[in-house]
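Engineer: predicted model and sequence follow; I will ask about them next.
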Amino acid sequence: MAEERNYRSYLPSDIGDAHLIGRIWVPSSDPNNPAGPVVVTTDNDNVYGLSEFSGFCSELMNRDDLIECLTEAKDSTPICALKELIENSLADDRARVHLLSPIDLQCIKAAGVTFAVSLIERLVEERSDGDMDKAADIRADIENVVGANLSEIKPGSAAAKDLEQHLKSRGMWSQYLEVGIGPYAEIFTKSQPLSSVGFGAEIGLHPDSTWNNPEPEVVLIVDAAQHIVGVTLGNDVNLRDFEGRSSLLLCRAKDNNASCALGPFIRLLDNKFTLDDVRKLQVELNISGEDGFELDAQSQLTQISRDISDLVAQCSGPTHQYPDGFVLMTGTLFAPIKDRSEPGKGFTHNMGDLVEISAPQLGSALNKVTTSDQAPPWSMGISALVRNLQSRDML
């Protein structure tokens, strides 16, 4: 699936100091011991099951003694070698042990327009009615009026209110500016529990989309008490044509088969990887096309317009609870404006694109682009997962 690389290049650079949790598919030819998902941890070399403590990642994330559970699990017999797991996943070999999305019952939420650059692109989509041919001229016009101000504006502040009045007087106020610099963040449901895909899997675009892009993001893992307990990487695929035509098409643009990729592992917060370390993460994006196209970009979480703890508080609290916890995609700084085919049309995916999202402390999430109707269908829902765990005595 990807060029020949050492499997460790896809893992955290300080893996020996990292507390990691993932989910893997374990095949079986024994009818008395069916195949199924297992929540795991890993060290430098091997992968160990956590089923002794819980069959659910979501339940484990609510344990106060989770790190102790990981330490105890590493005294057990390994399920497989870490090298084998990564290489099988890179080959998308579903007949062998391979990585799944690292979460299960958690709701998958996302925050939108949390960076000034992405806010500009939402305005471009809106004003172009999803027509990529108009993008370049509209982008220049918007940046001429508001571009220099947005990165300096604190959402919900007096300065934001003043800018709102100025833009309204110019006829340039927008629903995206409302959530970009107003008091309330855009928080929406990206995908359903168990619907996300993992490292090495295909990621899906709606087959009717002709203008789209990846959204490389830092993803927060939040427990039922609204505490950020871990972090992973994610791709919140964006259909610019759909959402540009109407914000009411957000569900159609965002929630499709295989349209949310997470992984490779969740890294737990501890004294060597703190919330302040998360706030400083730099995310790298590489897109490699079968047509020879290459794109490299980076996103620094220090440039986010709202603190990650504020985003979590806006998602959950007195007005909304998540007893199984949730994951929150924090938004992207990636602006897909590099021309791929014709001048002025910016970027859009081709089938077969390899998308790699990475950060040294988290490893790399790697996925190959297809359409949602061609990606493997989502087949294991909550009831099927529960039955599977019961059949393997994991409940």
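Structural biologist: Cool, got the structure.
Engineer: in stretch 45-55, what's buried?
Structural biologist: Applying a neighbour-count criterion of 16 or more other CB atoms under 10 Å, the buried positions in stretch 45-55 are 46-51, 53-55. Quick note: C-beta positions are derived from backbone N, CA and C, even for glycine.
Engineer: repeat for stretch 178-186
Structural biologist: 179-181, 185-186.
Engineer: about what we covered before: can I get the buried residues of stretch 45-55 in TSV with secondary structure?
Structural biologist: Shown next, in TSV, are these (DSSP: H, G, I helix; E, B strand; the rest coil):
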residue	secondary structure
Asn46	strand
Val47	strand
Tyr48	strand
Gly49	strand
Leu50	coil
Ser51	coil
Phe53	coil
Ser54	coil
Gly55	coil
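Engineer: ok, so of the buried residues of stretch 178-186, who is nearest Gln303?
Structural biologist: Closest approach between the buried residues of stretch 178-186 and Gln303, by CB to CB: Gly180, at 13.4 Å.
Engineer: isn't that closest one up against Glu126?
Structural biologist: No. Here Gly180 does not reach Glu126: they are 11.6 Å apart, not a contact under CB atoms under 8 Å.
Engineer: give me the common contacts of the two.
Structural biologist: With CB atoms under 8 Å, 6 or more residues apart in numbering applied, the contact sets of Gly180 and Glu126 do not overlap.
Engineer: mind showing which ranges of the stretch 51-200 of the chain have poor pLDDT?
Structural biologist: The model of the stretch 51-200 of the chain has pLDDT under 70 over residues 116-118, 122, 143, 145-151.
Engineer: what about the helices in it?
Structural biologist: Secondary structure of the stretch 51-200 of the chain by DSSP state H, counting those that start in this stretch: the helices cover 57-60, 66-73, 82-90, 116-128, 135-142, 148-150, 158-169, 175-181.
Engineer: right, and these - which one's nearest Asp353?
Structural biologist: Nearest to Asp353, of all the helices of the stretch 51-200 of the chain, is helix 82-90, at 15.8 Å by CB to CB.
Engineer: now Gly346. Nearest residue, chain neighbours left out?
Structural biologist: For Gly346, ignoring the flanking residues on the chain, the nearest one in space by CB to CB, 6 or more residues apart in numbering is Ile337 at 4.9 Å.
Engineer: now swap in Met132 and tell me
Structural biologist: Of all residues not flanking Met132 in the chain, Trp211 sits nearest, at 4.4 Å (CB to CB, 6+ apart).
Engineer: let me know the closest of the buried residues of stretch 178-186 to Pro31.
Structural biologist: Using CB to CB, these come closest to Pro31 at Glu186, 48.2 Å.
Engineer: how long is stretch 267-283 end to end?
Structural biologist: 15 Å (CA to CA, to the nearest Å).
Engineer: can you check stretch 250-270 too?
Structural biologist: End-to-end distance (CA to CA), stretch 250-270: 36 Å.
Engineer: 91 is where my numbering starts, stick with that
Structural biologist: Happy to do that; since the first residue is 91 now, the last one works out to stretch 340-360.
Engineer: list the buried residues of it.
Structural biologist: 340, 342-359.
Engineer: ok so Glu307 is a strand residue?
Structural biologist: Yes. Counting by three-state DSSP, one finds Glu307 located in a strand.
Engineer: just give me the neighbour total for Asp133.
Structural biologist: By the criterion of other CB atoms under 10 Å, Asp133 has 16 neighbours.
Engineer: which residues touch it?
Structural biologist: 105-106, 164, 172.
Engineer: which among those residues count as buried?
Structural biologist: By 16+ other CB under 10 Å, the contacts of Asp133 give 105, 172 as buried.
Engineer: wait, what's in contact with Leu189?
Structural biologist: The neighbourhood of Leu189, defined by CB under 8 Å, 6+ apart, consists of 112-115, 175-176, 179, 288-290, 353-354.
Engineer: of the residues you listed, which is the most crowded?
Structural biologist: Neighbour-wise, the contacts of Leu189 (other CB under 10 Å) top out at Gly353, 32 neighbours.
Engineer: would you check that it makes contact with Ile193?
Structural biologist: No. Applying CB under 8 Å, one finds Gly353 not in contact with Ile193, separated by 9.3 Å.
Engineer: what do these two both touch?
Structural biologist: By CB under 8 Å, 6+ apart, the residues touching both Gly353 and Ile193 are Thr322.
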